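Peer 1: what's the 3D shape of this:
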Amino acid sequence: MKFEIDTDKKTIRLKEDVKLSDLIQELKDLLDRDWENYTLLFDDFKLDKPIPKIGPPNIGPPNQDPDNPYTIIC
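Peer 2: Sure thing, here's the model as predicted:
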């Protein structure tokens, strides 16, 4: 498990994939209760796919059949 602790800035930077329970136990052992005040940083965090932007729903009148204006097609 590789991580870097900056005690001045109170940050923890992960250098590789880490099992969360192992990381928390290691931090408790190293920092006692002060580990709760640290900020966790990640190197090279990338998403596999971009997050799509979803706008508000298009609310307008329903489509109507021009031959039969009383039939509403949704």
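Peer 1: mind listing the strands for the protein?
Peer 2: 3-6, 11-14, 39-42, 63-65, 68-73 (DSSP state E).
Peer 1: okay, and for the protein, where does confidence drop off?
Peer 2: Where the chain drops to pLDDT under 70, the residues are 43-48, 57-66, 68-74.
Peer 1: Give me the distance between Leu30 and Lys10.
Peer 2: Distance, Leu30 to Lys10, using C-beta to C-beta, to the nearest Å: 13 Å. To be clear about C-beta, it is placed using only N, CA and C from the backbone, and glycine gets the same treatment.
Peer 1: scratch that, Ile54
Peer 2: When distances are taken as C-beta to C-beta, Ile54 and Lys10 turn out to be 36 Å apart.
Peer 1: again, but for Asp67
Peer 2: Here the criterion is C-beta to C-beta. By it, Asp67 lies 70 Å from Lys10.
Peer 1: Compare those two and say which one has the larger neighbour count.
Peer 2: When Asp67 and Lys10 are compared on other C-beta atoms under 10 Å, the one with more neighbours turns out to be Lys10, at 13 against 6.
Peer 1: my read: that one touches Glu36, true?
Peer 2: No. Judged on C-beta atoms under 8 Å, Lys10 makes no contact with Glu36 at a distance of 10.3 Å.
Peer 1: Which stretches in the protein count as helices?
Peer 2: Secondary structure of the chain (DSSP state H): helices located at 20-31.
Peer 1: what residues are up against Glu16?
Peer 2: Counting by C-beta atoms under 8 Å, 6 or more residues apart in numbering, Glu16 makes contact with Met1, Lys2.
Peer 1: quick one: it from Lys53, how far?
Peer 2: Between Glu16 and Lys53 the distance, using C-beta to C-beta, works out to 32 Å.
Peer 1: burial count for the nearest residue to Lys19 once chain neighbours are set aside?
Peer 2: Here the nearest residue to Lys19 in space, its sequence neighbours aside, is Met1; by C-beta to C-beta, 6 or more residues apart in numbering that works out to 8.0 Å. Neighbour count of Met1, defined by other C-beta under 10 Å: 11.
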